[in-house]
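A.B. asks: Sequence below, structure please.
(one chain, ligands or ions: 1)
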Amino acid sequence: MPRPRTVIVGAGIVGLSTAYFLAREGRDVTVLDREEPGEGASCGNAGLLSIGHYPLTRPGASWRGLKWMFDRNAPLFIRPRPDADLISWLWSFHRHCNQAWLDRCMRELCAMGFPTLRLLEEILEAEGIDCDYRRDGWLDVVMDPANLPKAEHEARTLVPHGYSYDVLTGEELRRRSPCFTPEVAGAVWHRDSAHCHPADLLLGLAAACARHGVDLRFSVEVAGIERDALGRAAGVHSSRGEVVEGTEVVLAAGVWSGALAQSVGLDIPMQGARGYHVQLEGVPQLPFTGCVLHETFVAVTPMRDQLRLAGTLEIQPLGRPWMRNRLAMLPAGARRYLTGIDQGRVVAEWAGYRPCTSDGMPVIGAVPGTPGAYVGTGHAMMGMTLGPVTGRVLADMVLGRTPVLELPMADPSRYLAEPGVPLPAGAAGGVGAAGA
Ligand SMILES: Cc1cc2nc3c(=O)[nH]c(=O)nc-3n(C[C@H](O)[C@H](O)[C@H](O)COP(=O)(O)OP(=O)(O)OC[C@H]3O[C@@H](n4cnc5c(N)ncnc54)[C@H](O)[C@@H]3O)c2cc1C
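C.D. replies: Numbering: from 1, shown residues only. Take a look at the predicted model:
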């Protein structure tokens with residue numbers, strides 16, 4: 001019998017976290033990625049490890065999206081097009097934008113929050129990774145005083161899940177960080193979250209994987225999954241025809257997981273929501289922690305002595321040219337909240353994709369019908385935060401253990417392509433009492 005080997009497709013936060021936990025347990029692991037390290041969403045994101053964050057599927061979100069559809073400068077831009085996949089994704093998304101569904105999602109997403117930070121902190125300490133990790137919460141910064149109660153309401157809904165928050169007046173905020181302008185009315189401070197420099201985290205994690213014996217191969221594009229005569233996952237083949245054998249395959253290819261998952265019978269309704277970042281150097285004063293600017297949806301994160309502005313959601317076919325007007329929305333959306341933005345020198349610009357399912361939940365677990373195949377994707381705007389716990393759960397499953405968390409709402413079987421297969425309780429089959 002050959003030694004078990006797990007082949008992981010994708011060296012983002014999900015793939016590398018899975019590889020790390022497996023390798024720590026002595027499993028042989030190969031990770032394949034078609035890009036070089038440091039280029040993907042897991043490096044370019046806002047770096048907010050915002051546990052207890054709402055998914056995209058919130059009451060009213062689909063109507064707002066529809067209203068913004070023809071506005072290239074709206075926070076969410078959907079390029080209208082006659083595309084059956086997009087239309088069916090939008091319809092399913094709309095059906096999940098209700099309070100009952102949100103409540104069900106939040107029970108599971110909140111349960112993932114504290115474990116993911118604990119696991120990440122264990123990795124950082126064990127491996128000596130310096131990624132400017134700071135456990136000092138995030139701020140929902142509000143300009144219009146009328147929006148403060150809404151921001152506080154969202155934080156209050158997290159309290160039964162064990163989360164804590166404070167409300168800061170504009171004065172209190174400016175006492176802590178004088179860079180907030182007098183126009184800012186206040187902020188809700190989500191106390192339990194953290195932030196980091198995501199590229200430093202990812203590169204540190206890749207180095208840790210290599211130290212634990214993971215075979216990391218970059219510039220290798222996986223074209224499909226190999227199955228043996230019994231239908232078990234047996235490895236992958238690359239676009240150059242090379243076969244990498246394994247006893248298990250984990251698909252962690254971000255927004256591109258959808259196409260590969262089809263070869264194991266999963267039809268994941270996935271859209272890539274592109275976002276951008278602008279990295280500034282020389283901003284005179286930085287906020288004391290990461291922020292989301294409530295009215296403009298721009299994330300502002302201090303990373304060492306630099307400031308990253310990140311955000312905007314753009315749903316259109318993958319690989320389209322950048323929309324420079326949307327990149328420009330980042331400094332424009334931050335200027336009124338923070339002084340010194342225009343004194344910053346742009347040192348980097350970037351764009352990348354959030355993998356978004358139509359029900360707002362990630363896809364984590366074993367693929368039914370193909371023993372040895374697993375998937376971890378669809379975390380949308382929460383992937384950096386939930387990557388470590390996703391990796392732990394997948395590693396537990398691969399090793400045949402009871403996972404550290406049960407995640408029925410994230411079960412891949414809700415997307416089984418074969419008709420007539422029953423959906424698991426609590427999965428996307430039911431959209432809640434208020435569902436359309
Ligand atoms: C602007 C922006 C801001 C964000 N801010 C935050 C934030 O503050 N906090 C947070 O938690 N999340 C944030 N996110 C979301 C987060 O970045 C993603 O959810 C997360 O990085 C997804 O991780 P992943 O490992 O699933 O996928 P990815 O990081 O996309 O990694 C997938 C990898 O698979 C590789 N791959 C794909 N197809 C193949 C193939 N066929 N063969 C080989 N390799 C392949 C890709 O090259 C890629 O490296 C943000 C995203 C964006 C765009």
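A.B. asks: Show me the residue sitting in the middle of this protein in space.
C.D. replies: Nearest to the mean C-alpha position of the chain, by Cα atoms, centre = their mean, lies G383 at 2.0 Å.
A.B. asks: For it, list the residues it contacts.
C.D. replies: G383 sits next to G12, I13, V14, A41, S42, N45, G254, R354, P355, P362 when contact means Cβ atoms under 8 Å, 6 or more residues apart in numbering. Where C-beta positions appear, they are placed from N, C-alpha and C, glycine not excepted.
A.B. asks: Just list what whichever helix or strand the third one is part of packs against, helices and strands only.
C.D. replies: Spelled out, that is V14. Element membership for V14 (DSSP states H and E) is helix 13-24. Contacts defined by 3 or more Cβ pairs under 8 Å, 6 or more residues apart in numbering; DSSP states H and E place helix 13-24 against strand 5-9, strand 28-32, helix 41-44, helix 99-127, helix 198-211, strand 373-377, helix 383-398.
A.B. asks: can you tell me which of those comes nearest to the ligand?
C.D. replies: Smallest distance to the ligand across those (Cβ to the nearest ligand atom): 2.0 Å, for helix 383-398.
A.B. asks: got the contact list for L76?
C.D. replies: Counted by Cβ under 8 Å, 6+ apart, L76 has contacts R64, G65, W68, A273, L313, E314, I315.
A.B. asks: contacting residues for the fourth one?
C.D. replies: By that I understand A273. Counted by Cβ under 8 Å, 6+ apart, A273 has contacts L56, L76, L313, E314, I315, Y353, R354, C356, A380, M381.
A.B. asks: for it, helix, strand, or coil?
C.D. replies: strand (DSSP: H, G, I helix; E, B strand; the rest coil).
A.B. asks: who touches whatever residue of the stretch 1-150 of the chain ends up closest to the ligand in this structure?
C.D. replies: In the stretch 1-150 of the chain, the residue that lies nearest the ligand is G12 (2.3 Å; Cβ to the nearest ligand atom). Going by Cβ under 8 Å, 6+ apart, G12 touches G40, A41, S42, L202, A252, A253, G254, G383, G387.
A.B. asks: I would like the residues contacting the helix holding V14, please.
C.D. replies: Contacts with helix 13-24, where a contact means Cβ under 8 Å, 6+ apart, come from 6, 8-9, 29, 31, 33, 42, 119, 123, 198, 201-202, 205-206, 208-209, 212-214, 250, 252-254, 376-377, 379, 383-384, 387-388, 390-392, 394-396, 398-399.
A.B. asks: and the residues you listed near the ligand, which?
C.D. replies: The overlap between those and the neighbours of the ligand (Cβ under 6 Å from any ligand atom) comes to V9, D33, S42, A252, A253, G254, T377, H379, G383, M384, G387.
A.B. asks: Read off the pLDDT value for the fifth one.
C.D. replies: What it means is A253. With respect to pLDDT, A253 scores 98.
A.B. asks: That one reaches I268, doesn't it?
C.D. replies: No: look at A253 against I268 with Cβ atoms under 8 Å: they stay out of range, at 11.1 Å.
A.B. asks: could you give the angle of the helix holding V14 to strand 5-9?
C.D. replies: 170 degrees (axes from the mean of the first three to the mean of the last three Cα atoms, to 10 degrees).
A.B. asks: What about the residue of the stretch 101-250 of the chain at minimum distance from the ligand, how many residues nearby?
C.D. replies: Minimum separation of the stretch 101-250 of the chain from the ligand (Cβ to the nearest ligand atom) falls at V222, amounting to 3.6 Å. Here the number of neighbours of V222 (other Cβ atoms under 10 Å) works out to 24.
A.B. asks: Likewise for the one 3 residues further on?
C.D. replies: Other residues within reach of I225 by the criterion other Cβ under 10 Å amount to 24.
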